[in-house]
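1. need a structure here:
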Amino acid sequence: MTAALTHSLLAHFLWPQFLWLLLALPVLVLLYIWLLRRKKKMALRYASLSIVREAMGPSQNLRRHLPPALFLLALLAMLLASSRPIAVVSLPSDHETIMLAMDVSGSMRATDVQPNRLVASQNAAKAFLAELPRHVRVGIVAFAGTAAVVQPPTLSREDLVAAIDKFQLQRGTAIGNGIVVALSELFPDAGIDLASMQYGRERQRGVAIDQPGKDGKTPKPFTPVAPGSYSSAAIILLTDGQRTTGVDSLDAAKAAADRGVRVYTVGIGTVDGETIGFEGWSMRVRLDEDTLKAIARNTQAEYFYAGTAADLKKVYETLSSRLTLVKKETEISALLALLAAVLALLSAGLSLAWFNRIL
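-> Sure, this is the predicted structure:
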């Protein structure tokens, strides 16, 4: 038990040895009680102790003890700060760029999500943009049988909304292509080549070794990093179906994982699937949740299911909070020191106001 307690202290305090200073607090409390008793004995010299007690009253007793109590709490905060405590707190995220990879395949016209899947996803995406901090750049990739950047990363929310409003439905669902194109936009100089991944020509972890980057230079040799370790960007993938063409979805997820980019996946529509028809053709659409969960899991992200327009809106609200606030272990000594200063000033101020002295 002692070893476990020691391990717990070491995990939450960088300098746990300073915690021994807390033993001074009970000594100070005992000293304060001794001083009160000493003053009480001196008060017996008055002709009538009852007159003194009546003059003090309950409110006077509270005023008498409140400044010392606040000062004691200030000492507690200072001693804890000296031990350099570590706590898990929510801090602003380091994300500077978010890529929205959105499905515009023909199945998005299904009306099981009102008014239809495409309009619901457009409305949710625009609401998501409105919630993001203005310093976060956002880019948009639309994918169906192919994938393309419809809006490079920008701070202009107006340009992003205009790009979303221009979505055109197409045939096919190339989920992997959407991820790869988003990656190539995040890493323009890495030589990420969609054709090489799709057709298997001279690729190495998603980077074509003979393909130059967008700046015309040959990319440097690629070294994979830990999944989820790249904190400057993230991808949000929204789809209502299963891959029918293009790069294998899990291969694309691996390319993202090797670069440390998290891919948050959002599944919209019916899990069991339904048959939709348009202009003389019909097709069976089914949400491939297993693959979407695997993409999120492999990239250290999360999967969300949205069965209705309201669900989709809540998903984007959740993603907004996840991407703008992250929980991190951080030292909170400065916060405790600030608290100690406030308590000490409050204690001194009340003592001066009430008794014309400091404590």
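2. can you pull out the strands in the stretch 101-250 of the chain?
-> Taking DSSP state E, counting those that start in this stretch, the strands of the stretch 101-250 of the chain run over residues 137-143, 147-154, 203-204, 207-208, 233-239.
3. Tabulate those (JSON lines), appending mean pLDDT and mean neighbour count.
-> Using the backbone N, CA and C atoms, a C-beta is placed for each residue, glycine as well. JSON lines is the format used below for those (pLDDT from 0 to 100; neighbours: other CB atoms under 10 Å):
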{"stretch": "strand 137-143", "mean pLDDT": "95", "mean neighbour count": "24"}
{"stretch": "strand 147-154", "mean pLDDT": "95", "mean neighbour count": "18"}
{"stretch": "strand 203-204", "mean pLDDT": "44", "mean neighbour count": "15"}
{"stretch": "strand 207-208", "mean pLDDT": "44", "mean neighbour count": "22"}
{"stretch": "strand 233-239", "mean pLDDT": "94", "mean neighbour count": "27"}
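4. For those, could you give me TSV that also reports distance to Ala87?
-> Output for the strands of the stretch 101-250 of the chain, formatted as TSV (distance: least, CB to CB, whole Å):
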stretch	distance to Ala87
strand 137-143	30
strand 147-154	33
strand 203-204	42
strand 207-208	40
strand 233-239	25
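5. Pro85 is nearest to which of those?
-> Evaluated over those, closeness to Pro85 peaks at strand 233-239, with 30.0 Å, by CB to CB.
6. which strands and helices sit next to that closest one?
-> When contacts are defined as 3 or more CB pairs under 8 Å, 6 or more residues apart in numbering; DSSP states H and E, strand 233-239 packs onto strand 97-103, helix 175-186, strand 262-268, helix 289-298.
7. and of the ones you listed, who's closest to Arg243?
-> helix 175-186 (4.6 Å).
8. picking up where we left off before, nearest approach to Val119 belongs to which of the strands of the stretch 101-250 of the chain?
-> strand 233-239 (13.1 Å).
9. what's the closest one in contact with?
-> When contacts are taken as CB atoms under 8 Å, 6 or more residues apart in numbering, the neighbours of strand 233-239 outside the stretch itself are 95-103, 105, 121, 125, 173, 175, 178-179, 182-183, 186, 256, 261-268, 287, 292, 295, 301, 319, 323.
10. Nearest to Ala337, out of the strands of the stretch 101-250 of the chain?
-> Closest approach to Ala337 among the strands of the stretch 101-250 of the chain (CB to CB): strand 233-239, 34.1 Å.
11. Partner strands of that closest one, with direction?
-> In the sheet containing strand 233-239, its partner strands are strand 97-103 (parallel), strand 262-268 (parallel), by DSSP bridges.
12. Let's have these in TSV, adding distance to Ala348.
-> Compiled in TSV, these are given as follows (distance: least, CB to CB, whole Å):
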stretch	distance to Ala348
strand 97-103	48
strand 262-268	49
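13. Mind checking those strands for the one nearest to Lys314?
-> When these are compared by CB to CB, strand 262-268 sits nearest Lys314, at 10.9 Å.
14. Centre of the chain to that closest one, how far?
-> Its chain's C-alpha centre lies 15 Å from the corresponding centre of strand 262-268 when counted by CA atoms, centre = their mean, to the nearest Å.
15. Now do it and helix 175-186, the angle between them.
-> Angular relation of strand 262-268 and helix 175-186 on a 0 to 180 degree scale: 140 degrees, by axes from the mean of the first three to the mean of the last three CA atoms, to 10 degrees.
16. can you tell which of the helices and strands packed on strand 233-239 is closest to Phe18?
-> Nearest to Phe18 among those is strand 262-268; the distance by CB to CB comes to 37.7 Å.
17. contacting residues around that closest one?
-> By CB under 8 Å, 6+ apart, the list of residues contacting strand 262-268 from outside reads 113, 117, 120-121, 179, 227-228, 230, 234-240, 253, 256, 287, 289, 292-293, 295-296, 299-307, 312, 315-316, 319, 322.
18. Brilliant, that's me finished.
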